[in-house]
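Asker: structure for the following, please:
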Amino acid sequence: IFYWISGYIIFYWISGSYSDRKLSKIVEFIRDHEPPAEGQTRGTDLTILSHDGRTPYMACNGDKYPLCREMLRPRPSWEEVEAVLDRDGLSLEELCNELRELISRSSPKQSRALRRLRLMDMLFCKKEGDGEELKRRRNVVFEKFLKRALLRSTEEPKIEEELKIVLKYVYSQSAGPPQEKENARSSYRAEFDAVMEECSKFIEILYSAEYERLCAEDPHMKILMNIPVRTSKLPEKELMHRMEKPKWATDRDLTVAIHALQQSGVIDSAGAFCDLIQQGRNRLLPTPNPLLFKEGPASLRFWTALVLLWSIGIQEKIEERFNADMEAVADGAFLRAPGVKAFPRSFEKALKYAEKKGLKGWDERVCAGMHVIDGLRCSFAVDTAEENLAVGRRLEARLPVVRTKNGYRPENIFYADRKYNLVYTTLADGIGEVSFICEVQILMKRYIEIKKIGHLLYEFQR
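Answerer: Modelled structure (predicted):
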């Protein structure tokens with residue numbers, strides 16, 4: 001039987017030497033665990049999936065361990081959840097609150113944590129019913145909540161944060177485990193696609209209205225739309241950070257790699273390196289990823305991940321200076337600095353670039369992370385096309401430009417922005433001079449407002 005433990009630990013295997021009664025006591029204790037008020041753990045999470053895409057409830061052998069199966073059965077139950085969804089006259093905000101209250105009443109410690117609402121088990125686990133019943137439940141969730149919430153997410157005023165959190169959770173849970181992704185929404189696919197299309201059209205109408213306003217009221221829009229769609233001073237394959245490839249990665253020298261990771265601030269001790277390699281645990285990883293270095297130091301993936309972590313660590317060292325330099329460029333424009341792009345998304349892009357750019361051989365492929373050139377980033381928000389052009393001129397005067405992209409075109413009546421990829425050279429503490437390609441966006445404020453309205457839709461579509 002599988003069971004869950006608090007914090008970030010995932011599955012453990014218990015041998016069959018335990019009786020169902022003894023195991024059920026352990027399962028009950030772990031199931032009901034909630035972190036103390038000042039605790040560092042998140043409490044037990046029975047929604048996280050194992051390596052083969054199963055929750056503990058799905059994995060439990062109910063015939064051999066019937067008591068454990070009952071201990072793992074979702075609480076609140078589907079019947080209780082459906083009763084709330086069926087209540088007439090509730091606004092979406094009221095519905096979210098009722099679901100939170102239901103979770104609290106069903107938890108021994110009155111937890112309101114969404115992870116206690118185990119929709120994936122209710123909608124996809126065969127212990128809950130046959131195929132037709134599970135399909136019916138998925139339809140109910142769509143009709144009673146998802147459909148309403150998706151349509152509401154694109155309206156103004158913006159939806160409250162609580163509704164956004166619940167919508168994202170229900171959306172992800174209703175997508176099912178990996179093995180069900182293709183069929184999870186099959187019973188309401190046509191209507192689901194129609195809702196998504198309706199949401200997209202609403203966002204397009206907002207963009208179109210703003211485009212027409214700008215063209216009518218701002219004479220500088222014509223200049224903006226005459227700027228080339230794309231310029232690049234480097235071939236695509238050479239569009240990477242302007243630093244020497246780390247020799248420790250091309251030579252596969254682990255001793256030097258550890259020293260480089262310490263210099264860049266990724267690790268601070270030998271123990272931290274062991275945690276990184278053995279458990280996939282590091283401050284740059286939002287959640288532990290034990291599989292990240294599973295293939296060992298003979299693999300390309302192992303060294304590619306180390307190079308990217310090293311790169312992110314250095315970028316974090318120079319981030320404060322970069323933001324200060326960009327603040328000097330702003331000159332009244334609103335500056336947003338979201339921080340260095342996180343490792344998980346950057347690693348996805350690095351692996352993609354290795355294929356897309358046709359990187360050959362160990363030396364090129366191991367440095368794929370150096371092709372991720374939007375890690376060090378910021379954006380400027382302006383009110384007018386004239387301000388947009390002025391910010392661009394100040395950027396060009398301050399830093400070498402390697403690539404530009406311009407989305408403002410006469411034929412583009414939807415979202416548009418301008419992007420600059422620039423070479424940022426500075427000193428990094430304990431390392432010396434470094435040169436990274438950064439990404440700077442210039443955005444119109446109203447476009448940002450519309451983008452925020454459609455942000456959830458974009459997440460779901462992606």
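Asker: helix/strand/coil for Gln441?
Answerer: Per DSSP: H, G, I helix; E, B strand; the rest coil, the local secondary structure of Gln441 is strand.
Asker: name the nearest residue to it, sequence neighbours excluded.
Answerer: Nearest residue to Gln441, sequence neighbours excluded (C-beta to C-beta, 6 or more residues apart in numbering): Ser379, at 4.0 Å. No exception for glycine: its C-beta is placed from N, CA and C like everyone else's.
Asker: let me see the contact set for the residue lying closest to Lys237 once chain neighbours are set aside.
Answerer: Nearest residue to Lys237, sequence neighbours excluded (C-beta to C-beta, 6+ apart): Lys357, at 5.0 Å. Residues near Lys357 by C-beta atoms under 8 Å, 6 or more residues apart in numbering: 236-237, 371.
Asker: before we move on, what about Phe145?
Answerer: Going by C-beta under 8 Å, 6+ apart, Phe145 touches 85, 92, 95, 170.
Asker: go ahead and confirm Asp331 touches Arg393.
Answerer: No: Asp331 lies out of contact with Arg393 (C-beta atoms under 8 Å); the separation is 10.6 Å.
Asker: sorry, back to before: tell me the SS of the residue nearest to Gln441?
Answerer: Applying three-state DSSP: Ser379 is strand.
Asker: one more: Thr304?
Answerer: Under the three-state scheme (three-state DSSP), Thr304 adopts helix.
Asker: that one: what's it in contact with?
Answerer: Thr304 touches 347, 350-351, 354, 365-369, counting by C-beta under 8 Å, 6+ apart.
Asker: and for Arg242?
Answerer: Arg242 neighbours (C-beta under 8 Å, 6+ apart): 423, 425, 435-437.
Asker: now do the phi/psi pair for it.
Answerer: Taking degrees, to the nearest 10, you get phi -90, psi 60 for the backbone angles of Arg242.
Asker: how many other residues sit next to Gln279?
Answerer: 16 (other C-beta atoms under 10 Å).
Asker: swap in Ile203?
Answerer: Ile203 - counted by other C-beta under 10 Å - has 19 other residues nearby.
Asker: you'd agree it is up against Ile450?
Answerer: Yes: if you go by C-beta under 8 Å, Ile203 and Ile450 touch, sitting 6.6 Å apart.
Asker: who wins on neighbours among the contacts of Lys357?
Answerer: Neighbour tally across those (other C-beta under 10 Å): the maximum, 23 neighbours, falls on His371.
Asker: roughly how far does it sit from Gly358?
Answerer: His371 sits 12 Å away from Gly358, going by C-beta to C-beta, to the nearest Å.
Asker: which residues touch Pro297?
Answerer: Going by C-beta under 8 Å, 6+ apart, Pro297 touches 252, 254, 303.
Asker: give me the low-pLDDT residue ranges for this structure?
Answerer: Filtered on pLDDT under 70, the chain yields the residue ranges 1-17, 35-42, 156-157, 461-462.
Asker: where do the strands sit along the stretch 251-400 of the chain?
Answerer: For the stretch 251-400 of the chain, applying DSSP state E, counting those that start in this stretch gives strands covering 334-336, 377-382.
Asker: about what we covered before: what bridges to the residue nearest to Gln441?
Answerer: For Ser379, the beta-bridge partners are Arg336, Gln441 (DSSP bridges).
Asker: count the neighbours of it for me.
Answerer: Neighbours of Ser379 using other C-beta under 10 Å come to 19.
Asker: before we move on, the earlier item: if you rank the contacts of Pro297 by neighbours, which is first?
Answerer: Busiest of those [other C-beta under 10 Å] is Trp303, holding 24 neighbours.
Asker: quick check: that one touching Val366?
Answerer: Yes: between Trp303 and Val366 a contact is recorded at 4.8 Å, counting by C-beta under 8 Å.
Asker: and for the two, which residues touch both?
Answerer: Both Trp303 and Val366 are in contact with Ala249, where contact means C-beta under 8 Å, 6+ apart.
Asker: and the contacts of Arg242 as CSV, adding neighbour count?
Answerer: Formatted as CSV, these follow (neighbours: other C-beta atoms under 10 Å):
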residue, neighbour count
Val423, 16
Thr425, 13
Ser435, 13
Phe436, 24
Ile437, 25
